[in-house]
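Asks: Kindly generate the corresponding structure for this input.
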Amino acid sequence: MVNTLCLSGAVLLKSGANASTYFTAGTTSEARISALITQAESEVCVATRYNWIDIYGSLNVDVKYILESAVSNLAAMYVIQYGIEGYVSRSAETMLDVLHDAYIREVELLKDLKQRDFMTGA
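Replies: Here you go, the predicted structure:
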């Protein structure tokens, strides 16, 4: 699977050292992360009501970073939720809160039509 808005390294970095080996080890771990990224990419496009994947090549680097951050935050939340037993419960909750807050902030930026004119026209 080829992802457009995010690479697996960003997801693994944000999900932390206690991420489940289901996503960090073995020959299929990359495909598993990629599937989560694809899901997160779709959700970001629907949440913002805009297909960022189709115009990705024409976006400026600042927008690409916001998209990567939003997608990697969401995909990292999926990883943490999948294997939450690997984390100290308080640590997992804090990580999920931080990732969620950042994801919401980034989606709000991407949804703002005034910002979108800047992002797609830059």
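
Asks: if I pick residue 45, what's in contact with it?
Replies: Applying CB atoms under 8 Å, 6 or more residues apart in numbering, we find residue 45 in contact with 51, 52, 53. Using the backbone N, CA and C atoms, a C-beta is placed for each residue, glycine as well.

Asks: out of those residues, which one sits closest to residue 35?
Replies: residue 53 (15.6 Å; CB to CB).

Asks: ok, and the most crowded of the contacts of residue 45?
Replies: residue 52 (23 neighbours; other CB atoms under 10 Å).

Asks: Which positions in the helix or strand that contains residue 91 come out as buried?
Replies: Residue 91 belongs to helix 89-111 when assigned by DSSP states H and E. Under the neighbour-count criterion of 16 or more other CB atoms under 10 Å, helix 89-111 has 92, 95, 96, 99, 102, 103, 106, 107, 109, 110 buried.

Asks: Now those in JSON lines, please, with extra columns for pLDDT.
Replies: As requested, the buried residues of helix 89-111 are arranged in JSON lines below (pLDDT from 0 to 100):
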{"residue": "92", "pLDDT": "90"}
{"residue": "95", "pLDDT": "94"}
{"residue": "96", "pLDDT": "94"}
{"residue": "99", "pLDDT": "97"}
{"residue": "102", "pLDDT": "97"}
{"residue": "103", "pLDDT": "97"}
{"residue": "106", "pLDDT": "95"}
{"residue": "107", "pLDDT": "96"}
{"residue": "109", "pLDDT": "91"}
{"residue": "110", "pLDDT": "91"}
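
Asks: Fine, thanks again, bye for now.
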